[in-house]
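Undergrad: mind looking at a prediction? Sequence and model below.
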Amino acid sequence: QVQLVESGGGLVQAGGSLRLSCAASGGTFSSYAMGWFRQAPGKERAYVAAISRSGGTTYYADSVKGRFTISRDNAKNTLYLQMNGLQPEDTDVYYCAAGQVTSIRYSSYGYWGQGTQVTVSS
């Protein structure tokens with residue numbers, strides 16, 4: 001089974017950018033659809049973006065469309081989330097997830113990382 005470790009979070013000013021990475025190990029990365037989710041304290045985990053096994057198909061939540069870009073490098077077993085134009089409402093813990101289908105549904109993913117904190121100051 002695959003293990004996932006996120007990195008790249010931090011503190012950034014509004015309008016700034018961050019790139020999150022999710023390193024996968026212990027499984028065949030290219031056999032998994034991948035997703036990014038985010039969660040604030042006391043709230044449900046929310047879908048951000050998803051990408052198919054090959055990277056040829058991507059989906060985005062309306063709130064991040066045009067600002068965030070999901071991508072993957074199957075040769076490096078790594079998933080990315082480029083976040084531009086960050087706003088204070090993007091402050092959350094961001095999680096990567098692996099599953100069998102490309103989906104916006106939390107329940108479609110069976111493997112999760114530990115999360116990385118993104119904080120956007122105004």
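TA: Structure received. Numbers count the residues shown, from 1 in each chain.
Undergrad: ok, now which ones touch the spatially most central residue of the chain?
TA: Centroid-nearest residue in the chain: Trp36, 2.5 Å away (criterion: Cα atoms, centre = their mean). When contacts are counted by Cβ atoms under 8 Å, 6 or more residues apart in numbering, Trp36 touches Leu20, Cys22, Val48, Ala49, Ala50, Ile70, Leu79, Leu81, Tyr94, Tyr95, Cys96, Ala97. Every C-beta, even on glycine, is put in place using the N, C-alpha and C of the backbone.
Undergrad: for this structure, just list every one of the strands.
TA: Assigned by DSSP state E, the chain shows strands spanning 3-7, 10-13, 18-25, 33-39, 46-51, 58-60, 68-73, 78-83, 92-99, 109-112, 116-121.
Undergrad: adding mean pLDDT, write the ones you listed out as a markdown table.
TA: A markdown table is the format used below for the strands of the chain (pLDDT from 0 to 100):
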| stretch | mean pLDDT |
| --- | --- |
| strand 3-7 | 98 |
| strand 10-13 | 98 |
| strand 18-25 | 98 |
| strand 33-39 | 98 |
| strand 46-51 | 97 |
| strand 58-60 | 97 |
| strand 68-73 | 98 |
| strand 78-83 | 98 |
| strand 92-99 | 98 |
| strand 109-112 | 96 |
| strand 116-121 | 98 |
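Undergrad: what's the neighbour count on Tyr111?
TA: Tyr111 has 17 neighbours, counted by other Cβ atoms under 10 Å.
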